[in-house]
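Peer 1: what follows is a predicted structure for the sequence shown.
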Amino acid sequence: MALVSSKEMLLKAYQGGYAVGAFNVNNMELIQGIVTACKEESAPLILQVSNGARKYAGPIYLRKLVEAATQESGLDICLHLDHGASYEDCVSAIKDGFTSVMIDASHHSFKENIMITTEVVKYAKDHGVTVEAELGRLAGIEDEINVSDADSSFTDPSQVEEFVSKTGVDSLAIAIGTSHGAFKFKGEPKLRFDILEDIQRRIPNFPIVLHGASSVLPKYVDIITQHGGSIAGAKGVPEEMLRQAARMAVCKINIDSDLRLAFTAAIRQSIYQNPSHFDPRQYLIKGREIITEVVRHKIVHVLGCGGKI
């Protein structure tokens with residue numbers, strides 16, 4: 001029961017044909033709901049925190065909550081920085097006790113991305129921390145990330161060998177058609193499995209990461225809409241596509257929007273059905289319960305990582 005790096009988790013996932021869930025958190029109820037599901041399903045776990053979440057909850061609060069989760073659950077948990085925007089962001093997270101960091105320098109040139117990522121890797125390795133980087137750019141909006149369709153780009157498979165070799169990263173996030181937020185597709189959902197296959201061929205046995213991989217489950221969108229919300233047109237990545245990716249080289253799948261939608265759905269429904277409730281515990285417990293439900297579903301039907309610890 002400790003905070004651990006993601007290295008062993010992801011290598012085991014590659015060998016086992018499954019993916020580890022990386023769930024974004026920013027409060028106690030989310031952490032509790034996620035951890036409960038992973039404990040019940042004996043699933044490996046990455047809890048990840050964005051810069052926006054660190055600002056919202058405070059780095060110390062979040063780290064202490066995750067440490068409490070390891071003690072209470074008996075699980076080894078990886079605490080990961082999601083989308084560190086700079087070397088300074090990653091160093092700050094490492095000093096705060098994070099066991100894994102992502103440096104996202106994908107908006108820079110290829111040469112600059114290598115240079116910045118290499119600096120982060122050097123510092124992280126000296127502190128026993130694993131590093132994820134990104135090639136290609138995902139469209140969409142989530143927290144502090146805002147990339148237009150025009151600025152997004154698929155990962156170029158011809159660059160991955162040089163990038164991994166020169167930087168020494170432990171895992172690589174790629175762009176094959178997923179996107180951040182709840183509005184991922186205007187037409188039919190499509191992922192570029194041909195790009196994934198090419199990357200897998202070029203860097204065999206190397207863990208690949210999918211960002212923007214929430215499925216925007218209609219069940220929770222409908223509950224929100226029925227209880228005063230307005231998120232028409234929300235559409236995510238079909239779960240069967242994610243399961244296919246997890247059988248290939250994808251070892252870490254990031255899930256954030258699905259948690260936000262489910263949590264909001266439970267709270268909206270609870271308040272609507274119980275207008276006299278004003279104690280936050282009365283509706284937050286509903287949010288926590290639905291998070292456990294969603295994460296258990298992801299573990300069993302999408303990630304395939306149940307029973308892997």
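Peer 2: Noted; the coordinates are in hand.
Peer 1: how about the strands in the stretch 201-309 of the chain?
Peer 2: Remark: strands of the stretch 201-309 of the chain, listed N- to C-terminal, are 208-210, 250-255; assignment by DSSP state E, counting those that start in this stretch.
Peer 1: the ones you listed: which one's closest to residue 77?
Peer 2: For the strands of the stretch 201-309 of the chain, distance to residue 77 was read as Cβ to Cβ. The smallest value, 13.9 Å, belongs to strand 250-255. (Each C-beta comes from the backbone N, C-alpha and C, glycine too.)
Peer 1: in its sheet, which strands sit next to the closest one, and in what direction?
Peer 2: strand 20-24 (parallel), strand 208-210 (parallel) (DSSP bridges).
Peer 1: mean confidence for that strand?
Peer 2: Across strand 250-255, the average pLDDT comes to 97.
Peer 1: what does it rub up against?
Peer 2: By Cβ atoms under 8 Å, 6 or more residues apart in numbering, the surrounding residues in contact with strand 250-255 are 6, 9-11, 13-14, 19-24, 46, 48, 82, 132, 171, 196, 207-214, 242, 245-246, 298, 302-303.
Peer 1: how close does the closest residue to residue 120 other than its chain neighbours get to residue 219?
Peer 2: Nearest-residue entry for residue 120: residue 103, 4.3 Å, with adjacent residues in sequence omitted and distances by Cβ to Cβ, 6 or more residues apart in numbering. With distances defined as Cβ to Cβ, to the nearest Å, the gap from residue 103 to residue 219 amounts to 35 Å.
Peer 1: and if you look at residue 300?
Peer 2: When Cβ to Cβ is applied, the distance between residue 300 and residue 219 equals 16 Å.
Peer 1: of these two, who's got more company?
Peer 2: Just comparing residue 300 and residue 219: by other Cβ atoms under 10 Å the higher neighbour count belongs to residue 300, 15 against 10.
Peer 1: what residues sit buried inside the strand or helix carrying residue 119?
Peer 2: For residue 119, the enclosing helix or strand under DSSP states H and E is helix 110-126. By neighbour count on 16 or more other Cβ atoms under 10 Å, the buried set for helix 110-126 is 113, 114, 116, 117, 118, 119, 120, 121, 123, 124.
Peer 1: also stretch 22-32?
Peer 2: Buried residues in stretch 22-32, counting neighbours by 16+ other Cβ under 10 Å, are found at 22, 23, 24, 25, 26, 27, 28, 29, 30, 31, 32.
Peer 1: just the terminal-to-terminal distance for that stretch.
Peer 2: Its start and end residues considered, stretch 22-32 measures 14 Å (Cα to Cα, to the nearest Å).
Peer 1: distance between that stretch and the chain's centre?
Peer 2: Here the centre of stretch 22-32 is set off from its chain's centre by 11 Å, with Cα atoms, centre = their mean, to the nearest Å.
Peer 1: who touches stretch 154-174?
Peer 2: In contact with stretch 154-174 (Cβ under 8 Å, 6+ apart) are residues 6-7, 10, 102, 104, 110, 113-114, 117-118, 121, 125, 130-136, 175-177, 192, 195-196, 198-199, 202-203, 206-211, 251-252.
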